[in-house]
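**Student:** My questions are about this predicted structure, shown below with the sequence.
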Amino acid sequence: MRHLLHGRLDVIIREIDTLPSLNEWNFNLCCKELYLHITGWSVYTEITLIRDPMKPRTRITLGELPKMKAEEGVKVLMLVWDDRTSVLDFKKNGLMAAHDQETADYFKNKKVNCVLCPRNPDDGKSIVQGFETSTIQVAGAATGQQGQKRTILSFVGGIDLCDGRYDIQEHPLFSTLDTVHKDDFHQPNFSGASIKKEGSVAWDVLLNFQQRWEKQVGNQLLFSSSKLDEYFVPRSTVATTNENETWNVQLFRSIDGGAASGFPQDPEDAAELGLVSGKDNITDRSIHDAYINAIRRAKNFIYTENHFVRSSHGWQAYEIGIDIRKNPNPTLIKDKIKIEYISERLVSF
């Protein structure tokens, strides 16, 4: 996890002109909404969301917050990664300390709809092949006259909703072990940018959740298209490149038909939507394609920062010398991504 302490602000790129306060995402979670969607490789119910020692400590936990909202009538849907290494009465929190079984038990018989989902629900062979960026999505509060439509807000990345030591910009190793980070270990070896999405791109996050929920659970509990039109501000149009001083924010993902609904089965139809076919599956590899596009356009340097460089859909058995279906947790993958610039100077970070 990564937190911004003492009012520090790194970079904000938004589709609107106003800037949010650093705690705006927490404020929106506590406001009255119509729905609350949460996804993550771990959603640990015992953590608190604000941990800045310079601010009053909030005692409401990540488990209490969805329960409170559900009791208020908010539709709360959660998709939590199903860690196959978590075993009841043996190692309930799993090898990855995801606490998925504990999370499911916590919300059992509550108004919160919590579903544990594996990386690939079709074959159930996945153990530690998948990683998922944490997302929180809410229906923004209506303002102005009564009955005014609401906007959709999405918070993506930045803070992993997991057990373990969180990170800050200073990246202290030892100085906070007796205070802020006391009894707060393991340390996940990744941190990402926290992004609040509004406008058209927030609808993309909603669509991603809907596709995943329909695949795992069905279309029950989701807002219908007519309800979305009734309650929410319509999706804004995407600005063209001819419009000056206008930003578009794009959302890329790596997901296949085993985890998301609505993918066409015909390879030609899939290709028209920018999807790829192979291994008897349809895959959205837009992250992969976005990387290639950015690398090819680079003139002087390339800077990439990512916990994973290559998703599991591209793994080949001959590359790692084992059958992935028999050993779903390969630890050595031969890197075959090479960038060649002949007679050109290019710096890569």
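**Tutor:** Perfect, I can see it now.

**Student:** any idea how far the spatially closest residue to Pro118 that is not a sequence neighbour is from Val347?
**Tutor:** Excluding the flanking residues, the one nearest Pro118 by C-beta to C-beta, 6 or more residues apart in numbering is Asp82, at 4.4 Å. Yep, even glycine has a C-beta here, placed from its N, CA and C like the rest. Separation of Asp82 from Val347 (C-beta to C-beta, to the nearest Å) stands at 41 Å.

**Student:** who's more crowded, these two?
**Tutor:** A count of neighbours by other C-beta atoms under 10 Å puts Asp82 above the other of Asp82 and Val347, at 22 against 9.

**Student:** Settle this for me: the more buried one is touching His99, isn't it.
**Tutor:** No - using C-beta atoms under 8 Å, Asp82 is not in contact with His99; the gap is 11.9 Å.

**Student:** all helices for the stretch 151-300 of the chain, in order.
**Tutor:** 200-216, 225-231, 267-272, 286-297 (DSSP state H, counting those that start in this stretch).

**Student:** Check which helices and strands the last one sits against.
**Tutor:** The helices and strands touching helix 286-297, judged by 3 or more C-beta pairs under 8 Å, 6 or more residues apart in numbering; DSSP states H and E, are strand 254-256.

**Student:** In its sheet, which strands sit next to the strand it packs on, and in what direction?
**Tutor:** Strand 254-256 pairs in its sheet with strand 281-285 (antiparallel), by DSSP bridges.

**Student:** Below-threshold pLDDT in the stretch 1-150 of the chain: ranges please.
**Tutor:** 1-32, 51-58, 85-96, 119-133, 140-147 (pLDDT under 70).

**Student:** where do the helices sit along it?
**Tutor:** So, for the stretch 1-150 of the chain - with DSSP H, counting those that start in this stretch - the helices run 24-30, 64-71, 100-106.

**Student:** Run through who's touching the longest one.
**Tutor:** Surrounding helix 64-71, the residues in contact under the criterion C-beta atoms under 8 Å, 6 or more residues apart in numbering are 29-30, 33, 36, 38, 45, 49, 60, 76, 78, 107, 110-112.

**Student:** Give me the subset of those residues lying in strands.
**Tutor:** Using DSSP state E, the subset of these located in strands is 36, 38, 76, 78.

**Student:** and of these, the nearest to Arg253?
**Tutor:** Ile38 (17.1 Å; C-beta to C-beta).

**Student:** got a list of what the closest residue in space to the closest one that isn't next to it in sequence touches?
**Tutor:** Sequence neighbours aside, Met78 is the residue nearest to Ile38 in space, at 4.7 Å (criterion: C-beta to C-beta, 6+ apart). Counting by C-beta under 8 Å, 6+ apart, Met78 touches 37-39, 43, 66, 107, 112-115.

**Student:** burial of the nearest residue to Val347 once chain neighbours are set aside, as a residue count?
**Tutor:** Closest residue to Val347 apart from its sequence neighbours, by C-beta to C-beta, 6+ apart: Phe301 at 4.1 Å. Residues near Phe301, counting by other C-beta under 10 Å, number 10.

**Student:** okay but Phe301 is in contact with Leu346, surely?
**Tutor:** Yes - the criterion here is C-beta under 8 Å, and Phe301 meets it with Leu346 at 6.7 Å.

**Student:** hang on, isn't Ser42 packed against Gln101?
**Tutor:** No - in this structure Ser42 lies outside contact range of Gln101 using C-beta under 8 Å: 11.5 Å.

**Student:** more neighbours, those two?
**Tutor:** In this view Ser42 and Gln101 are compared by other C-beta under 10 Å, and Ser42 has more residues nearby, 24 against 19.

**Student:** which ones are touching the more buried one?
**Tutor:** 80-81, 96-100, 103, 160-163.

**Student:** what separates it from Phe252, distance-wise?
**Tutor:** Distance from Ser42 to Phe252, by C-beta to C-beta: 22 Å.
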